[in-house]
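S.K.: Got a predicted model here, sequence first, then my questions.
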There are 2 protein chains.
Amino acid sequence: MSIVVVGSVAFDTVRTPFGEVDGALGGAATFFSVAASYFSPVNVVAVVGDDFGDEHLAVFDEHGVDARGIERAAGRTFRWGGEYSLNLNERTTLFTELNVFESFQPKLPPEYLESPYVFLANIDPELQMSVLEQVENPRLVACDTMNFWIDGKPEALRRLLRKVDILVINDEEARDLSERYNLVDAANAIMGMGPTAVVIKRGEHGVLAFLGDEIFSAPAYPLDKLADPTGAGDTFAGGFMGYIAGCEEVDPANLRRAIVAGSVMASYCVEEFSLAGIRNLDQEAIARRYRAFQSLTDFGDL
Amino acid sequence: MSIVVVGSVAFDTVRTPFGEVDGALGGAATFFSVAASYFSPVNVVAVVGDDFGDEHLAVFDEHGVDARGIERAAGRTFRWGGEYSLNLNERTTLFTELNVFESFQPKLPPEYLESPYVFLANIDPELQMSVLEQVENPRLVACDTMNFWIDGKPEALRRLLRKVDILVINDEEARDLSERYNLVDAANAIMGMGPTAVVIKRGEHGVLAFLGDEIFSAPAYPLDKLADPTGAGDTFAGGFMGYIAGCEEVDPANLRRAIVAGSVMASYCVEEFSLAGIRNLDQEAIARRYRAFQSLTDFGDL
């Protein structure tokens, strides 16, 4: 079944110790859409500027992503620049140009309104809410957020969380939102705000997920070659939601597999710059890395 | 089959945000021995002073640990004091008094010489080597070390590593020893120094183990109550070695289970101060927590 995702489409300038890209197609909605497309139909809602060309649109088309919800506005597309430290564990933002994103008012095409799965990538919680209100009777709503909104728009975020089933955030954000350091405490506090599940992304340390009263831990795949972590979290969310939208039932067993599917996609993402690691995958490559996660974590009875 | 372990027996003074202990029985060999004793017979080699009383020896006796290798010397037992930060993620050493440990020359009682399993806890690599040379034809040798020896006695450590099967260290030490940041690269470099397996302890992020050409990842158990991390790494090593010594065969499948057994013991260790979390366990408690690790990590086919 189809997913509607709202978030940024951007041009990224990224420097890592292993190379650099200048103005490469990126943004949360882009990484999410490409990753999710391997599992389920995706409808994307975003805004781009005059500088967004057919070659950029082609990335969505190639993956069968419905891009009718990408609005074109006068001006330049959102641009972001960042630089990673030698060990890729610290990131410095070099510039952020909101451009057309600054006055973005997401409007869903009529074809999107019955999408049963909704993913609200990290944007202003008021915009996340306005998208959610347009979707008719969604089956499952997940969202991401960041410290900027946790600290800057706490009330709008709290209103949104009451309508969200699954919150997908990183460990620092979980601590900030809950005002608890221990992640078990943090997740329990967040589940008291509305979500029935909290999926905590811990970068190279994998994912710790609180699925109602179950806890699930998935490692990140140990890679000897990491080129660029940009978009890994959004790619995780895309694989995760894509897998869920392809399941008959949303239960903890399928959520566990969805977390591993997301981790598979994120592991491919970081091996190359920008979208290069996830643009040309096939089902066999995904199944192979999934089996590698099984081999990585498998142990028998005592 | 039996294990011989050499390492420190100490009195620890520990402050954490959740309480404090003053002069509590600790030391790597103590945590290791108690943890390993639930799985296999243990022979301990260490030195203590005049202040080591029958109540301290009783801790070894209670667990069936052969303490004939604990030498009594004139003077005070090794003492260590440390304080943990609010989130338990940083530790400040308040004092280190080597005392009788300063002139320790480990000598194995005749009953220990045929122990097939050897664990060399974190002490001077020259002393580790002298213990290893006393054991007749060991079946499996594992050791721990720390940055102090990696930087201070690199040649003695390299000589030792050529005779070691499994190195059990933390991530920072693996990076320091290998001069590689990426843990896959680091482990491969270390396996080039002698060990056929490298088990990297990552604290709250669990364990990443390189078992020949297999990689195994085990999480730490997510606890909402952590009292005192002191001894968790040595407790892990004890559960790990104890489990191995109880196996018919040392193969990757058993090493994986041994890593989870070690993680089970470490998870009990940190729930209480000093040895309190692991002193009074039984097989049912260990099996129950092991099943909790299975539930924590289990996911099915794609």
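M.R.: It's in. Residues are numbered from 1 along each chain as shown, chains lettered A, B, ... in the order given.

S.K.: for chain B, what are the nearby residues on chain A?
M.R.: Counting by CB under 8 Å from any CB of the partner chain, chain A comes close to chain B at A:86-87, A:181-185, A:188, A:202, A:205-206, A:208, A:214-219, A:222-224, A:226, A:253, A:256-257, A:259-261, A:286-287, A:290, A:294-302. All C-beta atoms are positioned from the backbone trio N, CA, C, and that covers glycine.

S.K.: PyMOL command for the buried members of these?
M.R.: Per 16 or more other CB atoms under 10 Å in any protein chain shown, the buried members of the residues of chain A next to chain B correspond to this PyMOL selection:
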select buried, chain A and resi 182+183+184+185+202+205+206+208+215+216+217+218+219+222+226+256+257+259+260+261+286+290+296+297+299+302
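
S.K.: which residues of chain A fall in strands?
M.R.: A:3-6, A:10-16, A:19-26, A:42-48, A:66-72, A:79-84, A:91-97, A:117-120, A:140-143, A:166-170, A:197-201, A:207-211, A:214-218 (DSSP state E).

S.K.: can you pull the contacts of A:Y38?
M.R.: The neighbours of A:Y38, taking CB atoms under 8 Å, 6 or more residues apart in numbering or on different chains as the test, are A:63, A:239, A:242, A:265, A:281, A:283, A:286.

S.K.: Just the buried ones from those residues?
M.R.: So, by 16+ other CB under 10 Å, the buried ones in the contacts of A:Y38 are A:63, A:239, A:242, A:265, A:281, A:286.

S.K.: Please produce a markdown table containing these, extended by pLDDT.
M.R.: A markdown table is the format used below for the buried ones among the contacts of A:Y38 (pLDDT from 0 to 100):
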| residue | pLDDT |
| --- | --- |
| A:H63 | 98 |
| A:G239 | 98 |
| A:G242 | 98 |
| A:M265 | 98 |
| A:L281 | 98 |
| A:I286 | 98 |
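
S.K.: quick one: which of those is nearest chain B?
M.R.: A:I286 (7.6 Å; CB to the nearest CB).

S.K.: I'd say the closest one and A:G262 touch.
M.R.: No. In this structure, A:I286 is not within contact of A:G262 by CB atoms under 8 Å, at 11.1 Å.

S.K.: How far away from the center of its chain is stretch A:87-98?
M.R.: Put simply, stretch A:87-98 sits 18 Å off its chain's centre (CA atoms, centre = their mean, to the nearest Å).

S.K.: How about the residue nearest the centre of chain A, nearest residue that isn't a chain neighbour?
M.R.: What sits nearest the mean C-alpha location of chain A, by CA atoms, centre = their mean, is A:D234, with 2.4 Å. Among residues not flanking A:D234 along the chain, A:F31 sits closest, at 3.8 Å (CB to CB, 6 or more residues apart in numbering or on different chains).

S.K.: what residues are up against the one you found?
M.R.: A:231, A:234-235, A:238, A:269, A:275, A:278.

S.K.: Now rank those by neighbours and give me the top one.
M.R.: Using other CB atoms under 10 Å in any protein chain shown as the neighbour criterion, A:G238 leads the contacts of A:F31 with 35 neighbours.

S.K.: How about it, nearest residue that isn't a chain neighbour?
M.R.: Leaving aside its sequence neighbours, A:G238 sits nearest to A:A35 (CB to CB, 6+ apart; 2.9 Å).

S.K.: show me the residues around the one you found that make contact.
M.R.: A:A35 neighbours (CB under 8 Å, 6+ apart): A:234-239, A:242, A:262, A:265, A:269, A:278.

S.K.: Ok, A:G19 next?
M.R.: Contacts of A:G19 by CB under 8 Å, 6+ apart are A:227-228, A:273.

S.K.: Show the buried residues in those.
M.R.: Buried by 16+ other CB under 10 Å: A:227-228, A:273, out of the contacts of A:G19.

S.K.: closest to chain B among those residues?
M.R.: A:A227 (12.2 Å).

S.K.: pretty sure the closest one contacts A:F273?
M.R.: Yes. When contacts are counted by CB under 8 Å, A:A227 is listed as touching A:F273 (5.5 Å).

S.K.: and for those two, which residues touch both?
M.R.: Common neighbours of A:A227 and A:F273 (CB under 8 Å, 6+ apart) are A:16, A:19.

S.K.: Run the chain-centre distance for stretch A:17-29.
M.R.: Worked out by CA atoms, centre = their mean, stretch A:17-29 lies 16 Å from the chain centre.

S.K.: now do stretch A:198-216
M.R.: 14 Å.

S.K.: Going by neighbour count, list what's buried in stretch A:164-176.
M.R.: Quick answer for stretch A:164-176 (16+ other CB under 10 Å): A:164-171, A:173-176.

S.K.: er, stretch A:236-248 I mean
M.R.: Applying 16+ other CB under 10 Å to stretch A:236-248 flags A:236-247 as buried.

S.K.: what's near enough to touch the residue in the stretch 1-150 of chain A positioned nearest to chain B?
M.R.: Proximity of the stretch 1-150 of chain A to chain B (CB to the nearest CB) peaks at A:N87, 4.8 Å away. Contacts for A:N87 (CB under 8 Å, 6+ apart) come out as B:Y181.

S.K.: For the stretch 151-300 of chain A, just list every one of the helices.
M.R.: A:154-161, A:171-178, A:183-191, A:232-245, A:252-269, A:276-279, A:283-297 (DSSP state H, counting those that start in this stretch).

S.K.: Tabulate those (a markdown table), appending distance to A:P138.
M.R.: Below are the helices of the stretch 151-300 of chain A laid out as a markdown table (distance: least, CB to CB, whole Å):
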| stretch | distance to A:P138 |
| --- | --- |
| helix A:154-161 | 13 |
| helix A:171-178 | 22 |
| helix A:183-191 | 19 |
| helix A:232-245 | 11 |
| helix A:252-269 | 17 |
| helix A:276-279 | 25 |
| helix A:283-297 | 26 |
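
S.K.: Those: which one's closest to B:T13?
M.R.: Nearest to B:T13 among the helices of the stretch 151-300 of chain A is helix A:183-191 (27.9 Å), distances taken as CB to CB.

S.K.: Just the C-alpha atoms of the closest one, please, in CSV.
M.R.: C-alpha atoms of helix A:183-191 as CSV (Å, rounded to 0.1, in the frame of the first residue of the first chain):
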residue,chain,number,x,y,z
LEU,A,183,16.9,5.6,26.8
VAL,A,184,14.4,3.2,28.5
ASP,A,185,13.1,6.0,30.6
ALA,A,186,13.2,8.4,27.6
ALA,A,187,11.2,6.0,25.4
ASN,A,188,8.6,5.3,28.1
ALA,A,189,8.1,9.1,28.6
ILE,A,190,7.7,9.6,24.9
MET,A,191,5.2,6.8,24.6
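
S.K.: Show me the shaky parts of chain A.
M.R.: Nowhere does chain A drop to pLDDT under 70.

S.K.: Smallest gap between the stretch 51-200 of chain A and chain B, at which residue?
M.R.: Per CB to the nearest CB, A:V184 is where the stretch 51-200 of chain A lies closest to chain B, at 4.0 Å.

S.K.: Contacts only, for the nearest residue to that residue once chain neighbours are set aside.
M.R.: Nearest non-adjacent residue to A:V184, counting by CB to CB, 6+ apart: B:D224, 4.0 Å away. Going by CB under 8 Å, 6+ apart, B:D224 touches A:182, A:184-185, A:188.

S.K.: please redo it, this time with the cut-off set to 7 Å
M.R.: For B:D224, the contacting residues are A:182, A:184-185, by CB atoms under 7 Å, 6 or more residues apart in numbering or on different chains.

S.K.: repeat for A:G242
M.R.: Here A:G242 is in contact with A:3, A:35-40 (criterion: CB under 7 Å, 6+ apart).
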